[in-house]
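>>> mind folding the following:
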Amino acid sequence: MTILNFEVKTYQVLMGKSIGVGFTGLNYAAATISCKGPANEQLLIVFAATQAQADAGGNFTDLTGKRGGIVAPMSSFGSYVDILRNEGPIYAQIDSGAPNNLNLLKTGPEPVADTAK
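Sure, this is the predicted structure:
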């Protein structure tokens, strides 16, 4: 198993009725977010209309091309955009470990909020 981690430097959102993605089990998406790293690494987050479509779509990993993908339900789109807009630094993980290829988006360690003032 090989894992590639990189800091996300830019992201691009695409939204449309039927964006062609060609994932196994999912040919079209309602939206995508492309997260790019400093050496042109890419984590592509593809948003399916339903949870069932997201589950069938799976993930993909191409470590040679420094690319990986996640299929998520459209209901989680706002959460991904919120993290990308409001947190930092943000990291992506591309994992070649079969069968699940744990590709993900994550923040760095953050302090717990101090609510007692």
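>>> so what's the residue count around the closest residue to Gly108 other than its chain neighbours?
Of all residues not flanking Gly108 in the chain, Pro89 sits nearest, at 5.1 Å (CB to CB, 6 or more residues apart in numbering). (C-beta placed from N, C-alpha, C; glycine too.) Around Pro89 there are 10 other residues, counting by other CB atoms under 10 Å.
>>> and what of Ile45?
Neighbour number of Ile45 under other CB under 10 Å is 26.
>>> kindly report the same for Ile90.
Counted by other CB under 10 Å, the residues lying close to Ile90 total 19.
>>> what do you get for Ala49?
For Ala49, the count of nearby residues is 15 (other CB under 10 Å).
>>> now Leu84
The burial count for Leu84: 18, using other CB under 10 Å.
>>> hmm, the residue nearest to Gly108 is touching Glu7, no?
Yes. Look at Pro89 against Glu7 with CB atoms under 8 Å: they come within range, at 5.5 Å.
>>> if we can go back for a sec, ok, the residue nearest to Gly108 - contacts?
Shown in contact with Pro89 (CB atoms under 8 Å, 6 or more residues apart in numbering): Glu7, Val8, Thr107, Gly108.
>>> so who does the closest residue to Arg67 other than its chain neighbours touch?
In space, and not counting its chain neighbours, Arg67 is closest to Gln42: 4.7 Å by CB to CB, 6+ apart. With contact set as CB under 8 Å, 6+ apart, Gln42 has these partners: Ser34, Cys35, Lys36, Lys66, Arg67, Gly68.
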